[in-house]
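Asker: Build me a structure from this.
(one chain, ligands or ions: 1)
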Amino acid sequence: MGVTPKIAPSMLSSDFANLASEAKRMLDFGADWLHMDIMDGYVSLLSWTSLLKDFASLSFYFFSTSCFSHFHSRCFRFYFSCLSIQRWVLIVFFVFVLLTAILLWRHATNLQDTVLPFAENWQELIQKIKSKAMRPGVALKPGTPIEEVYPLVYSENPVEMVLVMTVEPGFGGQKFMPEMVDKVRVLRKKYPALDIEVDGGLGPSTIEMAASAGANCIVAGSSIFGAAEPESTKSSERINPSLPSFPPPTGAPFNFGFSKVNDVVPAPVPILAFNNLGATSIFPHPPLEVPPHGFTFGAGQT
Ligand SMILES: O=C(CO)[C@H](O)[C@H](O)COP(=O)(O)O
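Answerer: Numbering: from 1, shown residues only. Sure thing, here's the model as predicted:
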């Protein structure tokens, strides 16, 4: 079955020092959504976030996303890879008021006892997400059988999207797991109208495989952000893998006044050679007008 997938660049692979301009660049390129991972290091593979656990997710990545709040909120999808997502629902709601986000959480069968509390009250959780004008979804880790998601899709209060992880969650740049495509195929056959997303290792050589199996949402990190000229993310231009290229970004990207190595238009403030004797301060200031004083160094007797 041919589907035209939506593309969601994974901001995990973006330049964190320029999150706002990276997000704008992707939206300008025609991205349908922006994919935001919030990881607590329990559900995902051990990665740098696991070292700082919840605090890293909360303090760094999550709040840095507040710089996106001037974009249209409908483009955001938050992807929680955390044990307890209940507590995040309200936070997302208040940080992005009137947001139409999709909340996804990863289904972690390998954590047994610790995950059980939230696995048991998933209906309540779906209700809570919907009551905050957001759309709930669920993600399957590679080791989770597809059958486990059926009760969540076929229920009175169903999830609205299933994300099939095509790598072990944790970090970008991993190799696509082709065996996960079967999950997509089975799911699409069973639920023709369901939003089915794939995430991990997606790029020009793998998108077609996932899309032809029935995935209609593609998350891609390194293949988009790592490209010299990110490929088109416009749905209408994405029917087959021979994707047209975008022109390079025009104009100066947002920055704090400093050029980046590949900037087409240099930023107004040149990068200074700080290790040169003659280097001046990066903070321009008028010459100090301090009259000369005489100083006596050392302790004197009084
Ligand atoms: O969920 C993720 C990591 O857990 C990322 O969104 C995903 O890996 C995308 O990165 P890439 O396209 O580079 O594989």
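
Asker: tell me the contacts of Pro178?
Answerer: Thr206, Met209 (C-beta atoms under 8 Å, 6 or more residues apart in numbering). For glycine as for every other residue, the C-beta is placed from the backbone atoms N, C-alpha and C.

Asker: Around the ligand, which positions in the stretch 51-200 of the chain sit nearby?
Answerer: Residues of the stretch 51-200 of the chain lying close to the ligand by C-beta under 6 Å from any ligand atom are Val167, Pro169, Gly170, Phe171, Gly172, Gly173, Gln174, Asp199, Gly200.

Asker: Could you report the neighbour count for the fourth one?
Answerer: The tally of other residues near Phe171 (other C-beta atoms under 10 Å) stands at 20.

Asker: Would you mind measuring from it to Pro136?
Answerer: Phe171 sits 25 Å away from Pro136 when distances are taken as C-beta to C-beta, to the nearest Å.

Asker: and the stretch 201-302 of the chain, which residues reach the ligand?
Answerer: Counting by C-beta under 6 Å from any ligand atom, the stretch 201-302 of the chain sits next to the ligand at Gly201, Leu202, Val219, Ala220, Gly221, Ser222, Ser223.

Asker: burial count for the closest residue to the last one other than its chain neighbours?
Answerer: Nearest residue to Ser223 in three dimensions, chain neighbours excluded: Gly203, at 3.2 Å (C-beta to C-beta, 6 or more residues apart in numbering). Using other C-beta under 10 Å as the criterion, Gly203 is surrounded by 17 other residues.

Asker: Spell out the secondary structure type for Gly203.
Answerer: coil (DSSP: H, G, I helix; E, B strand; the rest coil).

Asker: Just confirm it contacts Ala220, I think it does.
Answerer: Yes. Counting by C-beta atoms under 8 Å, Gly203 touches Ala220, with 6.4 Å between them.

Asker: Mutual contacts of these two, please.
Answerer: Joint contacts of Gly203 and Ala220 (C-beta under 8 Å, 6+ apart) do not exist.
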